[in-house]
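>>> I'll drop the sequence and a predicted model, then ask my questions.
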Amino acid sequence: MTRREGSRAASSQAELFDDHPGSKPRAIAPGAILLPRHVDGAEVWAEVCTIAATAPFRHMKTPGGKRMSVAMTNCGALGWVSDRRGYRYQPGDPESGQPWPAMPPTLAAIARDAAALAGFPGFAPDACLVNRYEPGSQLALHQDRDERDFGHPIVSISLGLPATFVLGSTSRTGPTASIPLAHEDVLVLGGESRMRHHGVRPIAEGTHALLGRCRINLTFRRAT
Ligand code: MD3
Ligand code: FE
């Protein structure tokens, strides 16, 4: 459930001493809005564990044949995959031949509501890519361009170990900004920022109280 004033009063005492518990939306760039501490991390983590029980995390290969340091799985009608044939969205898990696990309605609602808060009403994701990082894992600067309509935003939820997210420009060589992403942060990327290059710096060594030596990022997308 999205954090609200009512649930905050009833939540753990530890949260009262955090820096920015559920603070207001913050514009990172035009179309890039950070919602700090916006979700209940334990609730989202439980859903990720259920998804991974059916569709386990795996290290996909790039089209060039390299093993990605980030392990991935998906939920929803479509899932993002990478292999020697390229990048694409497909309805089934290539490892099992089965459909991806359904997108949990609680997660779809978080994504829809966050997009609306950021100025993108009516967002209906049909794909959710779940990335799992361990210390040392990184994501090279890239654009997300495998979706059919770049008019739809992407909503990201971060859990576990902190990360430094790098947001570049629409050209690969333009200037970049570093944005820290923490447990329970939600980032909405749309409009002018949708086609920016972006990546994640190598995750620093550490142990998170709930996830251990792990960072999770879920990205909710409209692929079709
Ligand atoms: C900026 N994931 O899965 S999420 C990805 O933390 C990906 O795992 C990162 O980039 C992660 O493709 C970053 C935030 C994000 C997602 C999509 C974007 C930022 C974006 C699309 C355009 C610009
Ligand atoms: Fe991306």
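Okay, I see it. Ligands and ions are numbered 1, 2, ... in the order given.
>>> Contact partners for the nearest residue to Tyr133 once chain neighbours are set aside?
Counting by Cβ to Cβ, 6 or more residues apart in numbering, Tyr133 lies nearest to Arg215, which is 4.1 Å off, once chain neighbours are set aside. All C-beta atoms are positioned from the backbone trio N, CA, C, and that covers glycine. Counting by Cβ atoms under 8 Å, 6 or more residues apart in numbering, Arg215 touches 132-134, 137, 158-163, 203, 208.
>>> Just the pLDDT at Arg215, thanks.
Note on Arg215: pLDDT of 99.
>>> Strands along the protein, start to end?
With DSSP state E, the ranges of strands along the chain come out as 26-29, 32-35, 71-75, 79-83, 86-90, 127-133, 139-142, 154-160, 163-167, 177-181, 186-189, 198-200, 215-221.
>>> Tell me what angle the fifth one forms with strand 71-75.
This points to strand 86-90. Between strand 86-90 and strand 71-75, the angle formed by their directions is 30 degrees, by axes from the mean of the first three to the mean of the last three Cα atoms, to 10 degrees.
>>> hang on, Pro101 packs against Cys75?
Yes: with contacts counted by Cβ atoms under 8 Å, Pro101 reaches Cys75, the gap being 4.5 Å.
>>> between the two, who's got more neighbours?
Shown here are Pro101 and Cys75; by other Cβ atoms under 10 Å, Cys75 has more neighbours (28 against 21).
>>> what does this protein put close to ligand 1?
Within the chain, the positions near ligand 1 by Cβ under 6 Å from any ligand atom are 129, 131, 139, 144, 154, 156, 163, 165, 187, 189, 193-194, 196, 198, 200, 217, 219.
>>> Would you mind checking the residues you listed for buried ones?
Applying 16 or more other Cβ atoms under 10 Å to the residues of the chain next to ligand 1, the neighbour count classes 129, 131, 139, 144, 154, 156, 163, 165, 187, 189, 193-194, 196, 198, 200, 217, 219 as buried.
>>> where in this structure is pLDDT low?
The model of the chain has pLDDT under 70 over residues 1-21.
>>> Which stretches in it count as helices?
Here the chain has its helices, by DSSP state H, at 5-10, 41-54, 105-117.
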